[in-house]
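*Asks:* Take a look and give me a structure for this.
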Amino acid sequence: MTADLKSEGDYTQAIAAPVMAVVHFMADWAPECATIKAVLEELGKDPALAQVKFYQLQAEGLPEISMKHEIVAVPTVLLFRQGKAIDRVDGVNAAELTKKVKSHAATKLSDLPLGPIPAPKEDLDSKLKRLINAHKCMLFMKGHPDEPKCGFSRQTVGVLNGLNAEFGTFDILTDDEVRQGLKTYS
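*Replies:* So this is what the prediction gives:
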């Protein structure tokens, strides 16, 4: 059973628990999220994963948490242990998600190093590929669709909305490395 995290308090309590927490950042409008939800429901039935807790969180409903974890597209699944993010799976990749959940669940707390584990820094090319492939149509813009920060972004969002196009966005003002990297990447 996947429990809903509806507030920052719910989220904080869930990830701080002594057991591993798997949090699915999702949106009802994204059909891909239903696939990940089904995968997590099946994993929740596995007796070997009885100590793992599964949650889902509306990414747009709790934007501060989503921004904190650099959630740029749904579905994204983060794995937590004692309040720390230990791994993530971006997009719909059931095999990778299953492998990571089972692998981390098999690791005993006593086997973990004491102190913080430095998160591996994602290289720019990988990050750009992940962002670009997050949606069929991805708009790198200044601001958000509801609040564009420049005329070009406002016009582009208007055109895409006028076409009823499904698209994802990334606010390039939040990450200068991505902003500069796109210039050379494209």
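
*Asks:* Now for residue 37: which residues touch it?
*Replies:* For residue 37, the contacting residues are 2, 24, 26, 56, by C-beta atoms under 8 Å, 6 or more residues apart in numbering. To be clear about C-beta, it is placed using only N, CA and C from the backbone, and glycine gets the same treatment.

*Asks:* so when I look at the last one, I'm seeing a helix, right?
*Replies:* Right, residue 56. No: judged by DSSP: H, G, I helix; E, B strand; the rest coil, residue 56 forms no part of a helix; its state is strand.

*Asks:* from the contacts of residue 37, which two are the most distant?
*Replies:* Using C-beta to C-beta, the two most remote members of the contacts of residue 37 are 2 and 26, lying 9.6 Å apart.

*Asks:* okay, the two: which has more neighbours?
*Replies:* Residue environment comparison for residue 2 versus residue 26 gives the larger neighbour count to residue 26, 25 against 19, counting by other C-beta atoms under 10 Å.

*Asks:* Next, work out how far apart the more buried one and residue 74 are.
*Replies:* When C-beta to C-beta, to the nearest Å is applied, the distance between residue 26 and residue 74 equals 5 Å.

*Asks:* hmm, back to that, mind picking the one among the contacts of residue 37 that's closest to residue 139?
*Replies:* Distances from those to residue 139 were compared by C-beta to C-beta; the smallest belongs to residue 26, at 20.5 Å.

*Asks:* how about the strands of the chain, start to end?
*Replies:* For the chain, the strands identified by DSSP state E occupy 3-5, 21-26, 53-58, 76-81, 84-90, 138-141, 143-144, 147-148, 168-171, in order along the chain.

*Asks:* Buried residues in the first one, which are they?
*Replies:* In terms of neighbour count (16 or more other C-beta atoms under 10 Å), strand 3-5 has its buried residues at residue 5.

*Asks:* What of the fifth one?
*Replies:* The neighbour-count check on strand 84-90 (16+ other C-beta under 10 Å) flags 85-90 as buried.

*Asks:* Tell me which two in the residues you listed are the farthest apart.
*Replies:* Looking at the buried residues of strand 84-90 by C-beta to C-beta, the two members farthest from one another are 86 and 90, with 15.0 Å of separation.

*Asks:* follow-up on the earlier one: which of the strands of the chain sits most buried?
*Replies:* Here the criterion is mean neighbour count by mean count of other C-beta atoms under 10 Å, and of the strands of the chain the winner is strand 21-26, at a mean of 25.

*Asks:* Could you please name the strands it pairs with and the direction of each pair?
*Replies:* Strand 21-26 has these partner strands in its sheet, going by DSSP bridges: strand 53-58 (parallel), strand 76-81 (antiparallel).
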